[in-house]
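Based on what follows, work out the 3D shape:
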Amino acid sequence: ENRNVCVHMKDNIIEISETLSECGKQLLINDNFCNCCKGVIVNFEYVRKVFNTDFLMENNDLVPIKKRYNQEIKSAYMSYKLKSIIEV
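As a prediction, the model looks like this:
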């Protein structure tokens, strides 16, 4: 939005004056972030449920999953969840 990145938090939205590409470089090195569709990076920690083509986030937003990489993205999410369960 206006060449800024809108970060959807649990209770609010903040705007950062960086490009998504710049933010992505920092976020996507971490396993709990995923570029799930054009212009959207999801933090798996805040995914409440996975549907066939969407993530339901804790704030009730529905985030689409790229059709082309649907299985790969879902697999990355399941790996993240499994890893978080094992680490507990």
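
what ranges do the strands span in this protein?
5-8, 13-16, 33-37, 40-43, 47-50, 54-57, 62-64 (DSSP state E).

got a list of contacts for the fourth one?
When contacts are defined by C-beta atoms under 8 Å, 6 or more residues apart in numbering, strand 40-43 is touched by residues 20, 23-24, 27-28, 32-36, 55, 57, 63-64. No exception for glycine: its C-beta is placed from N, CA and C like everyone else's.

what about it, average pLDDT?
Average pLDDT, strand 40-43: 94.

Put the alpha carbons of it into CSV.
C-alpha atoms of strand 40-43 as CSV (Å, rounded to 0.1, in the frame of the first residue of the first chain):
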residue,chain,number,x,y,z
VAL,A,40,1.5,-11.7,1.6
ILE,A,41,3.9,-13.2,4.0
VAL,A,42,2.4,-15.3,6.8
ASN,A,43,3.8,-16.0,10.3
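
gap between that strand and the chain center?
2 Å (C-alpha atoms, centre = their mean, to the nearest Å).

How many neighbouring residues does residue 42 have?
Neighbourhood size, residue 42 [other C-beta atoms under 10 Å]: 22.

What is the burial count for the closest residue to it other than its chain neighbours?
Leaving out its chain neighbours, the residue that sits closest to residue 42 by C-beta to C-beta, 6 or more residues apart in numbering is residue 36, at 4.9 Å. Using other C-beta under 10 Å, the number of residues around residue 36 comes to 22.

can I assume residue 36 is in contact with residue 67?
No: using C-beta atoms under 8 Å, residue 36 is not in contact with residue 67; the gap is 11.0 Å.

what sits against the residue nearest to residue 42?
With C-beta under 8 Å, 6+ apart, residue 36 has these contacts: 42, 55, 63, 64, 65, 66, 73.

Show me the longest helix that occurs in this structure.
Counting residues, the longest helix found in the chain (DSSP state H) is helix 70-87.

how about JSON lines for the strands of the chain, with distance to residue 86 added?
Shown next, in JSON lines, are these (distance: least, C-beta to C-beta, whole Å):
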{"stretch": "strand 5-8", "distance to residue 86": "28"}
{"stretch": "strand 13-16", "distance to residue 86": "32"}
{"stretch": "strand 33-37", "distance to residue 86": "19"}
{"stretch": "strand 40-43", "distance to residue 86": "19"}
{"stretch": "strand 47-50", "distance to residue 86": "18"}
{"stretch": "strand 54-57", "distance to residue 86": "22"}
{"stretch": "strand 62-64", "distance to residue 86": "25"}
